[in-house]
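**Q** Could you work out the structure for the sequence below:
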Amino acid sequence: MRLTSLAAGILTLALTGYVGVTTEAPAKGAAHPIPQTQSNQQGQQSNPPNVPQGQGKTPLQVTTNVVNVFATVRNKQHGIVNDLNKEDFKITEDGVEQKVEFFAKEVNMPITLGLLIDTSASMDRMIDAEQDAASRFLREVMRPKDEAMVITFDFDVDLLADFTQDTSVLSSAIRRARVNSVGGGGVVTPGTIPQGSNAGGTDLYDAIYLACHDELATEAGRKGVIILTDAEDTGSKLGMRDAIEAAQRSDAVIHVLLITDRMATFGTGPGVAHRMADDTGGRVIDVHNEKSLEKAFDEISEELRSQYVLGYYPINLKRDGTFRKIQVSVARPDVKVLARKGYYAPFK
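**A** This is a model prediction of the structure:
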């Protein structure tokens, strides 16, 4: 099934940008749901005497979106820290400290995953191991109410399985992934991606954009994109910044399982992978063989089930559509916090 646009008019993206999701909705089935909005309405009393109905003052309504942040904390031995409380965390937005209103330890909170598999020629030596490890990962990590989809990308971007809770459907889709080494102007995914001068290649950025903008943007709760790739994009019509922005607007975290040769000392892949993961609150795990691939999936699985949920009402109420930088810190030495770096404010 070819992945195509779910919205019209996106061909102008490269010139005009777009407005997307700005804050995370309550997670599906969360034990402690976090409110999405809070309204402060003034002038709610009935019209004063002798004032005809409909001629009173229009009530003033102020709505503030809650910003949810999912955080993973590790110690210097890289172990998960799971004994923190609300008071241990500090959140700043654009350098201004915010009050943490909501806090939960949700190791079983449902999650929506996008599994993106690089099927370009450079993945030929690892594709069988990727299929085995990815299938095992989804069987072990997915629980009731979790959903996942499978996308492959090379000269084109293909949706092999749309969101489903059925791991057998997902596993079957993963097994259908095939390395495509055909060159010379592959077919470009129609609809969402602006036309450009590239003639085809490894469409990494296009795949991330399509997964986040077309698929994950309408999902609620925790959202993650797991990419198996060497992160060398040679054919996308969009750029890295477009891919990152799509992930940020959909509140999706990008994790990259960076498949490289230990002897390789060239290429832009590692830098690209770290930029995408850092800007969305994810991780990059180096993969060199089947054993390290299985270990990488185990680490991601542990992280997905060991997150804190922090929620706050931003002090800055401007609805200007700007990107707000978030920093999460913990009042404990020798720990590292993994959380998203910001969000896009509502626009008007």
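**Q** switch to C-alpha atoms for all contacts and neighbour counts from now on
**A** Will do.
**Q** Look at Q327 and give its secondary structure.
**A** Using DSSP: H, G, I helix; E, B strand; the rest coil, the structure places Q327 in strand.
**Q** Might you report the residue contacts of it?
**A** Applying Cα atoms under 8 Å, 6 or more residues apart in numbering to Q327 gives the contacts I91, T92, E93, G95, K341, G342.
**Q** Let's see which of these end up in helices.
**A** If you go by DSSP state H, the contacts of Q327 have nothing in helices.
**Q** Now distance to I326 and pLDDT too, for those residues, in a markdown table please.
**A** Formatted as a markdown table, these follow (distance: Cα to Cα, whole Å; pLDDT from 0 to 100):
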| residue | distance to I326 | pLDDT |
| --- | --- | --- |
| I91 | 7 | 98 |
| T92 | 6 | 98 |
| E93 | 5 | 98 |
| G95 | 8 | 97 |
| K341 | 5 | 93 |
| G342 | 5 | 94 |
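**Q** ok, and the most crowded of the residues you listed?
**A** G342 (23 neighbours; other Cα atoms under 10 Å).
**Q** That one touches A247, doesn't it?
**A** No. Between G342 and A247 there is no contact under Cα atoms under 8 Å: 11.0 Å.
**Q** Which neighbours do those two have in common?
**A** T280.
**Q** Who are the contact partners of T229?
**A** T229 makes contact with I117, D118, M123, V256, L257, L258, I259 under the criterion Cα under 8 Å, 6+ apart.
**Q** Who does it form a beta bridge with?
**A** Beta bridges link T229 to L258 when assigned by DSSP bridges.
**Q** re the thing from before, looking at the contacts of T229, which two lie furthest apart in space?
**A** Greatest spatial distance among the contacts of T229 (Cα to Cα): M123 and V256, at 14.4 Å.
**Q** got the end-to-end distance for stretch 322-339?
**A** End-to-end distance for stretch 322-339, by Cα to Cα, to the nearest Å: 19 Å.
**Q** er, stretch 229-239 I mean
**A** Counting by Cα to Cα, you get 16 Å between the two ends of stretch 229-239.
**Q** Could you grab the helix/strand/coil label for K291?
**A** Using three-state DSSP, the secondary structure recorded for K291 is helix.
**Q** Count the residues that sit near it.
**A** Number of residues near K291 (other Cα under 10 Å) recorded here: 11.
**Q** how about it, what does it touch?
**A** Neighbouring residues of K291 by Cα under 8 Å, 6+ apart: there are none.
**Q** how close does it sit to G79?
**A** From K291 across to G79, the span is 20 Å (Cα to Cα).
**Q** More neighbours: M123 and V256, which one.
**A** Taking neighbours as other Cα under 10 Å, M123 and V256 compare with V256 leading, 28 against 22.
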